[in-house]
Each structure stands twice: as C-alpha cells, then as structure tokens.
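>>> Have a look at this fold, sequence not included:
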C-alpha cells in the first residue's frame, strides 16, 4: 500500500509540473561565464541566455532561482525548483539521484591553476569546489583535496597559500588567469564528465522530453554552437 501511495504521489507531481504555468530554473549564479549575477542583480551568462531560449522553444514560462551549489541537487529533489541549469556535468553518480537531458555542451576540459610552474598537481594540495567532478577526481588522484563552498574561495585558497593549485572547468579559469599575472595554468588538462546537461527530477519525464527536444532543435539549426562560441564556455558540437 505504501508503495502504491508513493507511486501515485510521484505521478501527481509529474503531472503537476508538466501542466504548471511556470517552470523554475535553478542556478548557482557564481560561475561566470556560465552563470553569474550582473550589476542589476539578475542572473546572467551563457546559461541565462540558453535557458530563456529553451523555455521559448519548449513553450514554457520560466522564472529563475539561485541556490548554493552544495545543496543544488537536494533542493531540486525537494521541489524548490524544477530544473538545474548550473554548469552541471552529467555523471553516473548524479544520474542515480536525478535525470539529465542530453548535453548542451560537450565535455569541457578541466585545468589546474597555480602560482608557479613547478606545482605538484599529483602529490600537492589541490583545491576544488565541494560536490564537483573535479573534487572527486582529486580525491582519487593522490593529491590532497581541500574543498570550498564557492568557486571564488578555491581561487583565494591558491593565492593565500592554502592550496598549491585549483582544479576547475578551464572556461571558468581562463579569464581569471588572463586578468591575474600571478596565476597560470599548470600541468595537463583533464577530460572529465559527459558534457553539461539540465537536471530534472526523475518523476518529471514529460518536462525532460520537452527540454530535450528544445536542445536538439538548437543543435540542429546551429544556434547552440553560436551561443557556445559567443560565451566561450566550451568547444562546439
């Protein structure tokens, strides 16, 4: 009986989302150029432009919600918003908890950023944002992992000597390295993840299908590659 009740509740939730007038898009707002808060206090960046276009093509009315990265999946599951669009790489571990659309960028190489060319990225202390694929990689690489709640804190850890390097998406680190003469790329790039996709609850299959079709339409007409190139977040398809 309990299983039947839970199943019925899941179906009701799925139907509610599918027919809802407003779909809430959850993002971090702290990972430029993917997503950030602009001077007007609004969500901006590649994923803001992408999300707005996907909602238009899927004929959905959408609103934006910001959420800290370390609780972004639990708060999707609990219903605080309906979609994660936050530079989230598709991984098997995450796919056990939520569902993903097809990827809207190819896998973006991760890179190490440090303050000297002789940084030991395999045996030293490496910073990463909590709950990222980079943190998981460092934990298994032989280096000492130090985790921080925000991307900005990982950069600060390198600059104040708490970490020898930081590992993050190269598209996030590139403008930082360009603007700060004390920071440079070190070591080799690391390919991680299966590209970046939208995350939805496992019960929201209809919503996932609508968003999947919208992503595919942007791939088919070339507009997704144009947007990727504009924001320089990844290689194109």
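Yes, it's here. No experiment lies behind these values; they were computed from the predicted model shown.
>>> Give me the nearest residue to the spatially most central residue of the chain, chain neighbours excluded.
Taking C-alpha atoms, centre = their mean, the centroid of the chain lies closest to residue 87, which sits 2.0 Å from it. Among residues not flanking residue 87 along the chain, residue 34 sits closest, at 4.0 Å (C-beta to C-beta, 6 or more residues apart in numbering). C-beta here means a position set from N, CA and C on the backbone, and glycine is covered the same way.
>>> give the contact list for that neighbour.
45, 46, 47, 86, 87, 169, 171, 172, 231, 233 (C-beta atoms under 8 Å, 6 or more residues apart in numbering).
>>> Toward the C-terminus, what is the element adjacent to the worst-scoring helix or strand of the chain on mean pLDDT?
Every helix and strand in the chain was compared by mean pLDDT, DSSP states H and E; the lowest is helix 2-19, with a mean of 42. Going down the chain from helix 2-19, the next helix or strand is strand 22-27, by DSSP states H and E.
>>> Strands of the chain, start to end?
22-27, 30-31, 35-37, 43-44, 61-66, 83-84, 99-105, 110-114, 125-129, 144-148, 165-169, 184-190, 196-200 (DSSP state E).
>>> Quick check: which of those is nearest to residue 75?
Among the strands of the chain, the nearest to residue 75 by C-beta to C-beta is strand 22-27 (6.9 Å).
>>> what residue ranges in the chain score low on pLDDT?
Applying pLDDT under 70 to the chain flags residues 1-20.
>>> what domains does the record give for it?
2-107+195-231, 110-190 (automatic domain parsing).
>>> do you know which of those domains lies nearest residue 237?
Using C-beta to C-beta, the nearest of the domains of the chain to residue 237 is domain 2-107+195-231, at 5.9 Å.
>>> For residue 125, give its distance to residue 155.
14 Å (C-beta to C-beta, to the nearest Å).
>>> what about these two, which has more around it?
More neighbours surround residue 155 than the other of residue 125 and residue 155, with 22 against 19 (other C-beta atoms under 10 Å).
>>> Correct me if wrong: that one contacts residue 113.
Yes: in this structure, residue 155 is within contact of residue 113 by C-beta atoms under 8 Å, at 7.5 Å.
>>> who touches both of these two?
In contact with both residue 155 and residue 113: 166, 176, 183, using C-beta under 8 Å, 6+ apart.
>>> Same list, those residues, but as TSV with distance to residue 133 and neighbour count please.
As requested, the shared contacts of residue 155 and residue 113 are exported to TSV (distance: C-beta to C-beta, whole Å; neighbours: other C-beta atoms under 10 Å):
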residue	distance to residue 133	neighbour count
166	14	29
176	19	16
183	22	19
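>>> Closest one of these to residue 226?
Nearest to residue 226 among these, with distances taken as C-beta to C-beta, is residue 176, at 24.8 Å.
>>> Next up, the contacts around that closest one.
So, once contact is read as C-beta under 8 Å, 6+ apart, residue 176 ends up touching 113, 155, 183.
>>> Any chance of these in TSV with distance to residue 208 as columns?
Formatted as TSV, the contacts of residue 176 follow (distance: C-beta to C-beta, whole Å):
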residue	distance to residue 208
113	34
155	34
183	39
